Each structure stands twice: as structure tokens, then as C-alpha cells.
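Q: Fold the following for me, if possible:
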Amino acid sequence: MNKRKIGILGGTFNPPHFGHLIMANEAYHTLGLEQVRFMPNAIAPHKEASGVDTEKRLTMTRLAIDGHRQFQLEDFEISNGGVSYTYDTMAELTEREPDCEFYFIIGGDMIESLHTWHRIDELVKLVQFVGIGRPGYQADTRYPVKMVDSPEMHLSSTMLRNRVAAGRPLTFFVPQQVEAFIRKERLYGPESDAPKS
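A: Numbering: from 1, shown residues only. Now for the predicted structure:
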């Protein structure tokens, strides 16, 4: 039986930006995936907690992928709550959808730290890791990672949060509907009470 090829792009998406969309789209076309699911985490094990709650991150992610039929929202980790370990998530998704072959998309900055991931030796048996190059990072790892060529962008959610806090625009960095939501909810800006991560 031919399995459905499904991409998973996990992250905090705080906020989601065009770099995320480009990564997902390059993997989608290069690997011939049926779809790419954007999966915001509840609490990331490798990152400090952010002042933006999970529902707002989920909403921003939904807005970012709206209108792109190849992209879907996966709310599995947020629905489960707690610390989001990729192994636990993918073990459950694999059991829930045995007809799917999962491709877990990561940026070049994560490839070098794969050895620190929870139950990584078992995780690589569940998914095919897909690496997207990022400026300044080498794709050195002993784990199997299928590399995908993609335009490299010096773009990160941290940089975008800092731009908002400094009163600078997000035009051409995030989809318009995401920027509108950030402005409406007063996320990240100096008027926000949310702590910065």
C-alpha cells in the first residue's frame, strides 16, 4: 500500500512568518508531499515560555496558511497541552494514521542539536527528517536528514518580536492578516504586558 506523504512543520510560530511558509513550500514541492501540516507546540522543551498564549499562536498560524490548500493546521500538541516532545507526538500520530509516512521538517539551526532531542534514536525510526538550510549553520549530524534546497533567509520570530517592540513594521516579513492580528491584539509591542522570550 502506498502511504500518504505528509510533512510536519512544528514550532512555536510566535509569530509565523514567510520563512516558515517558504520552508514548507519547498519541502512540499521537492518531496512531492500530499500536504504540510503546521503544528504549533504547547510548551517547547528547548525554548523559554513566551507571553503569547497558545490560542493566539494557533490563530496566527491559521491566518498565515489561510488560502494555501497544500497547508493544514495540526493542533495536536496544543490540544494535548504540556511540554511538546516530538517523539511522543509522532508516536501517537503514527499510530492514529498508519496510512501516512511523515516527513518532519526542521531548519538548519536544529539539525546540529538533534542529538539532544528526547528519544531521538527511536524518533528517527518514526519519521524522515527533512532539513532546510539556514545561514550560519552546518548540517552536521549522525542522524538521517534529507536536505532540501531553499532560499536562505535571515529571518526569525525573535527578530520580528523585537521589530514590533521597537515600533517597526512587519510588512513583507509576515502575511498581512498575521500583522493585522498582532496589531489588533497588541502583541510584542512596548504597550504589551507580555514578557519577551
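Q: Let's test this: mean pLDDT of the helix or strand hosting residue 29, rounded?
A: Taking DSSP states H and E as the definition, residue 29 sits inside helix 18-31. Average pLDDT, helix 18-31: 96.
Q: Could you pull out the buried residues of stretch 144-163?
A: Of all the residues in stretch 144-163, those buried under the rule 16 or more other CB atoms under 10 Å are 145, 148, 150, 155, 157, 160, 161, 163. Backbone N, C-alpha and C define where each C-beta goes, glycine included.
Q: Looking at these, spot the one nearest residue 23.
A: Ranked by distance to residue 23 (CB to CB), these are led by residue 150 at 6.2 Å.
Q: What is the burial count for the closest residue to that closest one other than its chain neighbours?
A: Sequence neighbours aside, residue 26 is the residue nearest to residue 150 in space, at 4.1 Å (criterion: CB to CB, 6 or more residues apart in numbering). By other CB atoms under 10 Å, the residues close to residue 26 number 18.
Q: just residue 82 next, same as before
A: 10.
Q: Help me confirm that residue 101 comes into contact with residue 5.
A: Yes. Using CB atoms under 8 Å, residue 101 is in contact with residue 5, at 5.4 Å.
Q: Going by neighbour count, list what's buried in the helix or strand residue 109 falls within.
A: Counting by DSSP H and E, the element that carries residue 109 is helix 108-111. Neighbour counts over helix 108-111 (16+ other CB under 10 Å) mark 108, 110, 111 as buried.
Q: again, but for stretch 96-106
A: Under 16+ other CB under 10 Å, the buried positions of stretch 96-106 are 100, 102, 103, 104, 105, 106.
Q: ok, and what's touching it?
A: 1, 3-10, 23-24, 27, 31, 33, 36, 86, 90, 93-94, 114, 126-132, 145-146 (CB atoms under 8 Å, 6 or more residues apart in numbering).
Q: Downstream of the lowest-mean-pLDDT helix or strand in the chain, the next helix or strand is which one?
A: Least confident helix or strand, the chain: helix 108-111 with a mean of 84, by mean pLDDT, DSSP states H and E. Sequence order places helix 120-126 as the next helix or strand after helix 108-111, per DSSP H and E.
Q: Alright, calling it a day.
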